[in-house]
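Q: When you get a sec, could you give me coordinates for this:
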Amino acid sequence: MVVLETSVWEIDYLGWSGFHIHHACHEGKNLPHIYVDPPKGTKFSAEEEGIIFITHGHPEHLIGAMEYLTDITVKSRTVIVASQQVCQYLAQINQRTNVDFIIAQPEQQLKITAKISVQVFEWHHMPLLPPGVGAALRHIFQILRKIGTAWRIIRMSLKGPKGAGKMLGYILRLSGGKDIIVYGEGLHRRCQPEDVAAIGRKALGATLLVASEPEDIAELPDLIFVSGAHEAILYEPHRPWRDIFELPHANLQALRKVVMETGINTIIPNCHTGKAE
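A: Residues are numbered from 1 along each chain as shown. As a prediction, the model looks like this:
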């Protein structure tokens, strides 16, 4: 876990596409803890209220919430914000009584608490294969080399909701004037810069969470720049799977250097050393 201080809010990177956002000051101890796509094994706050934002229904984005909703020892109130498809699925497995589900729709503005609101937008998922026939075939070959593992991942997906539901992004508006833009896995080489700029204009100077795959490294600096963000947090969302299938990793250090040259503060959470670079 890595703690990144942004204003009076702290952002902990949890691995995969998961984040934990919480107030850093004593005065904010009663504010809810915010989670985005919490992965398996996430340690949730046992006492404070929790708000979980889920971007879409792929299994690695759901499994932490699924564990939390089936833990009947949790007494604190939990709010789940997700698409209709994901909310319906999680409601079916929920074993607790103190859980509220909020169905989010693109272009919607939601007041979650007195000090936390959100603006919802829609995005398109990053491509699953790299560009070019040769690169795509090599990618598929690496996966087929470990077909047993690939099949277990597919089976895990089949146990979830039928389809991933809408791909939802969130502009989190927190007390103290802190804005965080959550793209999920929707910032990539097929994005149109004007679309990214339009979303960015709704929260200029925000912190931008950037899922970074190696195939998108060339396009990401321009997309981050036009977003109008003050700060970017770079992470590799599928790193565990890339390790398993021996696929190339994103060069986050090189990406960080280019983005920093545009004047945007850029952070890489390093889960192995416990430090933010």
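Q: Could you pull up phi and psi at the residue lying closest to A206 once chain neighbours are set aside?
A: Closest residue to A206 apart from its sequence neighbours, by CB to CB, 6 or more residues apart in numbering: D179 at 3.8 Å. In this view, the C-beta of every residue, glycine as well, is placed from N, C-alpha and C. For D179, the backbone dihedrals (degrees, to the nearest 10) come out as phi -110, psi 140.
Q: Could you list the buried residues of stretch 178-189?
A: Neighbour counts over stretch 178-189 (16 or more other CB atoms under 10 Å) mark K178, D179, I180, I181, V182, Y183, G184, E185, G186, L187, H188, R189 as buried.
Q: and it, what's its mean pLDDT?
A: Averaged across stretch 178-189, pLDDT comes to 96.
Q: how long is it end to end?
A: In stretch 178-189, first residue to last residue: 28 Å (CA to CA, to the nearest Å).
Q: Pull the distance from it to the chain's centre.
A: Here the centre of stretch 178-189 is set off from its chain's centre by 8 Å, with CA atoms, centre = their mean, to the nearest Å.
Q: What spatial separation is found between P214 and M126?
A: 11 Å (CB to CB, to the nearest Å).
Q: Compare those two (neighbour count), which wins?
A: For P214 versus M126, the count of surrounding residues by other CB atoms under 10 Å is larger for M126: 21 against 16.
Q: nearest residue to the more buried one other than its sequence neighbours?
A: Ranked by CB to CB, 6+ apart and with sequence neighbours excluded, the top spatial neighbour of M126 is H188, at 3.9 Å.
Q: dump the residue contacts of that neighbour.
A: Applying CB atoms under 8 Å, 6 or more residues apart in numbering to H188 gives the contacts M126, P127, E213, E215, D216, E219, L220.
Q: of all those residues, which two lie farthest apart?
A: Greatest spacing in those, by CB to CB: P127 and L220 (13.8 Å).
Q: of these two, who's got more company?
A: L220 (23 against 14).
Q: for the residue lying closest to T113 once chain neighbours are set aside, what are its contacts?
A: Leaving aside its sequence neighbours, T113 sits nearest to P32 (CB to CB, 6+ apart; 6.3 Å). By CB under 8 Å, 6+ apart, the contact list for P32 reads E48, E49, G50, I51, V79, I112, T113, I116.
Q: and the gap between the spatially closest residue to E49 that is not a sequence neighbour and R201?
A: Leaving aside its sequence neighbours, E49 sits nearest to P32 (CB to CB, 6+ apart; 4.2 Å). P32 sits 27 Å away from R201, taking CB to CB as the criterion.
Q: residue boundaries of the strands in the stretch 51-200 of the chain?
A: Using DSSP state E, counting those that start in this stretch, the strands found in the stretch 51-200 of the chain span residues 78-82, 99-103, 109-111, 116-122, 168-174, 178-182.
Q: which other helices and strands contact the fourth one?
A: Of the remaining helices and strands, those touching strand 116-122 by 3 or more CB pairs under 8 Å, 6 or more residues apart in numbering; DSSP states H and E are strand 109-111, strand 168-174.
Q: Near H238, how many other residues are there?
A: By other CB under 10 Å, 20 other residues sit near H238.
Q: So what's the residue count around the closest residue to D12 other than its chain neighbours?
A: Here the nearest residue to D12 in space, its sequence neighbours aside, is H20; by CB to CB, 6+ apart that works out to 4.1 Å. Neighbours of H20 under the rule other CB under 10 Å: 21.
Q: got it, and the one 4 residues further on?
A: A24 has 14 neighbours, counted by other CB under 10 Å.
Q: Could you report the separation of the residue nearest to it when sequence neighbours are not counted from I21?
A: Once flanking residues are discounted, A24 sits nearest to E10: 4.7 Å by CB to CB, 6+ apart. Applying CB to CB, the value for E10 to I21 is 7 Å.
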